[in-house]
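[1] Give the three-dimensional model of this entry:
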Amino acid sequence: MSRRRWGVAALAVGALSASLAYAPANADVETNGHHGYSKTRTVGYFIQWGVYGRNFRVKNLVDSGAAARLTHLNYAFGFLDESGKCVSSDPWADWQMPYTAEQSVNGKADEPGALGGNLNQLKQLKAKYPKLRINISLGGWTGSRYFSNAALTPESRAAHVKSCTDMWIKGNLPGLPEGSAKGIFDGVDIDWEWPASEGNTEPPNVVRDADRENFTLLLAEYRKQMGWNRDLTAFLPADPKQVDKGFQVSKVFCYLTFGTLQGYDYHGAWDAPANQQSALRVPKGDPSADEFSSEVTVNAWLRRGAPRSKAVLGVPFYGRGWTGVAPGTRNGLFGTGTPAPATYEAGYEDFHAIKPKLADPKYKVYRDERAGFAWIYDGTTWWTYDDATEMKRKARFINDRNLGGAMIWSLDGDTADAELIKALDGALR
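    Sure, this is the predicted structure:
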């Protein structure tokens, strides 16, 4: 798995059992209702760096109608330093960048010396949509390097959680008056990629065998310090092997408000064959050594103890592409190629940039109705993606399996009129 992918002895069972004492007796039951929502969750990631090349701001969510469709917004990402304490990965984007009146959600320019940047826009968004839950997401593919250090000991866990709640929940930001960002974030989303398994390798993450137990203990420390009225969520891997290596599933879900299951990056430019990246089921004839699909992922988590009502399936607002792909027998599917040229990263393109290709007569649209995915192909370049049709198909899958909702990576990939989130949210129960 790509974007979303040893040395200390395991902790004593007694220490782990003691940590579970933080959990209330009914911690494993559905907790969505106390947030005021009666429908399935629609969770979207807003990327911090989108304000640069993509020129995507919080106001775009309002103008497109996307914000009104969300139950939860995850702001990505906060990082950890080597000691495991929380830091901003980009203070300029987070709270320093000044916004003009035209760029702001409330139509007012930022005041000098006060909170600015994305955080002030999120504050304005919450004022406009008071039921929207906004969480700070920590880590990500490039920001998970030091999670193992944070989770290693009782002292490091306590220091990590205190630093994160001080910064993001209490809103104490460097260079601003105390509490300047208080009230913006309702909770914390843990995006550790991945406990006890390699994730990003440039530079390499710190990985320990004890990460599996320590991940549970870290969640327990969050509940100890934050209580049970705040959201605590986690982004969780698609690969069953990584699930087994890194997660005590039933215990983890006792602490989580919900967990988001990786529903994408099953295949990509790191694989030579052009293949689905977000199919509901494994397509017939898949030559891969390991079979990946949303069905495989969801079943893996449910069989290991994840409650259906807390299992939220991730969906991509982007596609994966290859070029130099020979036609073969299935319109390019499983043909070998190299990463297709794209706007920001070869082999990766936001849906709104793929959409014009759907009207290009050089390309033809194909769908695998059984496996549940789409692709376009012009005889050499091959892109797989999720459009409104596939979003509705994903929503039906979520409804039929009685899952806890859908999670979007990421909101900036949608069209200016939010056609993907409208199709997805409109089809969810």
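[2] what number of residues lie near residue 227?
    10 (other Cβ atoms under 10 Å). From N, CA and C alone the C-beta is placed, and that goes for glycine too.
[3] again with residue 333
    24.
[4] And residue 387, by the same measure?
    Around residue 387 there are 21 other residues, counting by other Cβ under 10 Å.
[5] cool, and residue 194?
    Neighbouring residues of residue 194 were enumerated by other Cβ under 10 Å; the total is 30.
[6] what do you get for residue 102?
    8.
[7] Phi, psi for it please.
    Torsion angles at residue 102 (phi, psi; degrees, to the nearest 10) stand at phi -70, psi -30.
[8] So it versus residue 95, what's the distance?
    Counting by Cβ to Cβ, to the nearest Å, the gap from residue 102 to residue 95 is 20 Å.
[9] tell me the contacts of residue 116?
    Contacts for residue 116 were tallied using Cβ atoms under 8 Å, 6 or more residues apart in numbering; they are 95, 96, 97, 98, 99, 110.
[10] Mind giving me the packing neighbours of the helix or strand harbouring residue 233?
    Residue 233 belongs to strand 231-236 when assigned by DSSP states H and E. On a contact count with 3 or more Cβ pairs under 8 Å, 6 or more residues apart in numbering; DSSP states H and E, strand 231-236 meets strand 72-80, strand 133-139, strand 187-191, helix 211-226, strand 258-261.
[11] Please convert these to JSON lines, extending it with distance to residue 423 and mean neighbour count.
    As requested, the helices and strands packed on strand 231-236 are arranged in JSON lines below (distance: least, Cβ to Cβ, whole Å; neighbours: other Cβ atoms under 10 Å):
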{"stretch": "strand 72-80", "distance to residue 423": "19", "mean neighbour count": "25"}
{"stretch": "strand 133-139", "distance to residue 423": "22", "mean neighbour count": "25"}
{"stretch": "strand 187-191", "distance to residue 423": "24", "mean neighbour count": "26"}
{"stretch": "helix 211-226", "distance to residue 423": "33", "mean neighbour count": "22"}
{"stretch": "strand 258-261", "distance to residue 423": "19", "mean neighbour count": "26"}
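[12] so what strands line up beside the strand holding residue 233?
    Counting by DSSP bridges, the strands paired with strand 231-236 are strand 187-191 (parallel), strand 258-261 (parallel).
[13] which residues sit against it?
    The set of residues external to strand 231-236 that reach it, using Cβ under 8 Å, 6+ apart, is 4, 35, 43, 72, 74, 133, 135, 137, 186-193, 219, 222-223, 226, 243, 247, 252, 255-262, 301, 314, 407.
[14] what angle do that strand and strand 133-139 make?
    With axes from the mean of the first three to the mean of the last three Cα atoms, to 10 degrees applied, the angle from strand 231-236 to strand 133-139 works out at 40 degrees.
[15] Dump the C-alpha coordinates for strand 231-236 into PDB.
    The C-alpha atoms that make up strand 231-236 are tabulated as PDB, following Å, rounded to 0.1, in the frame of the first residue of the first chain:
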ATOM      1  CA  ASP A 231     -13.900  12.700  19.300                       C
ATOM      2  CA  LEU A 232     -11.000  10.200  19.100                       C
ATOM      3  CA  THR A 233     -10.700   8.600  15.700                       C
ATOM      4  CA  ALA A 234      -8.000   6.800  13.700                       C
ATOM      5  CA  PHE A 235      -7.100   6.200  10.100                       C
ATOM      6  CA  LEU A 236      -6.600   2.400   9.700                       C
END
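[16] Give the rounded mean pLDDT of it.
    Per-residue pLDDT values over strand 231-236 give a mean of 98.
[17] Run through the neighbouring helices and strands of the helix or strand just after it.
    Toward the C-terminal end, the helix or strand that comes next after strand 231-236 (DSSP H and E) is helix 240-246. Applying 3+ Cβ pairs under 8 Å, 6+ apart, we find helix 240-246 packed against helix 211-226, helix 294-303.
[18] Now with 10 Å, please.
    With contacts defined as 3 or more Cβ pairs under 10 Å, 6 or more residues apart in numbering; DSSP states H and E, the secondary structure elements packing on helix 240-246 are helix 211-226, strand 231-236, helix 294-303.
[19] Determine which of the ones you listed approaches residue 345 most closely.
    Go through the helices and strands packed on helix 240-246 one by one with Cβ to Cβ and the one that ends up closest to residue 345 is strand 231-236, at 19.7 Å.
[20] what about that closest one, distance to the chain center?
    Centroid displacement of strand 231-236 relative to its chain, using Cα atoms, centre = their mean, to the nearest Å, is 9 Å.
[21] Centre of the chain to stretch 72-81, how far?
    Chain-centre distance of stretch 72-81: 10 Å, with Cα atoms, centre = their mean.
[22] can you map out the strands along the stretch 1-150 of the chain?
    With DSSP state E, counting those that start in this stretch applied, the stretch 1-150 of the chain shows strands at 41-47, 72-80, 86-88, 133-139, listed in chain order.
[23] Switch those strands over to TSV; also include distance to residue 397 and mean pLDDT.
    TSV is the format used below for these (distance: least, Cβ to Cβ, whole Å; pLDDT from 0 to 100):
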stretch	distance to residue 397	mean pLDDT
strand 41-47	15	98
strand 72-80	20	98
strand 86-88	35	98
strand 133-139	24	99
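[24] so which of those comes closest to residue 327?
    With Cβ to Cβ as the measure, strand 41-47 is the member of those nearest residue 327 (35.7 Å).
[25] for stretch 366-374, what is the average pLDDT?
    Rounded to a whole number, the mean pLDDT of stretch 366-374 is 98.
[26] which residues sit against it?
    Stretch 366-374 is contacted by residues 266, 275-284, 286, 293-295, 319, 330-333, 358, 365, 375-377, 382-387, 389-390, 393-394, 396-397 when judged by Cβ atoms under 10 Å, 6 or more residues apart in numbering.
[27] First-to-last residue distance for it?
    Looking at stretch 366-374, the gap from its leading to its trailing residue is 6 Å under the measure Cα to Cα, to the nearest Å.
[28] With stretch 183-198 instead?
    Here the two ends of stretch 183-198 are set 35 Å apart, with distance taken as Cα to Cα.
[29] What of stretch 310-323?
    End-to-end distance of stretch 310-323 (Cα to Cα): 39 Å.
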